[in-house]
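[1] Provided below are the primary sequence and the corresponding predicted coordinates.
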Amino acid sequence: MAHQKNCADCREAAMLAQALQQDASELATRYMPPSAERVWAAAERHRQMAALARATRFLHILRIAGLVYAVIFALWGLHVLAARGIVAPWLDGKSLNVVMEGAGLAVLFVGSGLWYTLRGERRQAS
């Protein structure tokens, strides 16, 4: 204690410590931290939202791929209609039927996947 009275730096440090302790005690009476249950629930919600975002990333990529496919298919269909059925000289009638069946099945599968994805997003938004 004698050193503290004789040393200016130690006196200043002691006064600062006393002021900080007083501020801390006043703050402790006014501030009540949230309960552990609330903190845990918020962390759990954050974890679930991050997991949902990771799980739906593939569906978003699928939706974009489906939209790109639909645009390409529409352009190809316009090309076929403009050519009045003549797509290429090497494509005979039988091959054209197979190509059209394959394109139809692809449209069916991609369209049903897009419909399911978009329907699921509408349900979540409600």
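    Yep, it's here.
[2] quick check: buried residues in stretch 28-43?
    Residues of stretch 28-43 classed as buried by neighbour count (16 or more other CB atoms under 10 Å): none. C-beta here means a position set from N, CA and C on the backbone, and glycine is covered the same way.
[3] tell me the gap between it and the middle of its chain.
    27 Å (CA atoms, centre = their mean, to the nearest Å).
[4] so, low pLDDT: which residues of this protein?
    1, 78-96, 120-126 (pLDDT under 70).
[5] for Gly113, what are its contacts?
    By CB atoms under 8 Å, 6 or more residues apart in numbering, the contact list for Gly113 reads Leu62, Gly66.
[6] tell me where this protein has strands.
    Assigned strands in the chain: none (criterion: DSSP state E).
[7] do a quick rundown of the helices in it.
    2-6, 8-30, 36-83, 93-125 (DSSP state H).
[8] tell me, what residue is most central in the chain?
    Compute the mean C-alpha point of the chain, and by CA atoms, centre = their mean the closest residue is Ala53, 4.2 Å away.
[9] tell me the spacing between it and Val68.
    For Ala53, the distance to Val68 (CB to CB, to the nearest Å) stands at 22 Å.
[10] same thing with Cys7?
    Taking CB to CB, one finds Cys7 at 76 Å from Val68.
[11] then Ala14?
    71 Å.
[12] those two: who's more crowded?
    Ala14 (14 against 10; other CB atoms under 10 Å).
[13] which residues touch the residue lying closest to that one once chain neighbours are set aside?
    Spatially, and ignoring its direct neighbours in sequence, Ala14 is nearest to Gln4 (5.9 Å; CB to CB, 6 or more residues apart in numbering). Taking CB under 8 Å, 6+ apart, we find Gln4 in contact with Cys10, Arg11, Ala14.
[14] ok, of those, which one's closest to Met49?
    Ala14 (48.9 Å; CB to CB).
[15] so how far is Ala24 from that closest one?
    Ala14 is 16 Å from Ala24, by CB to CB.
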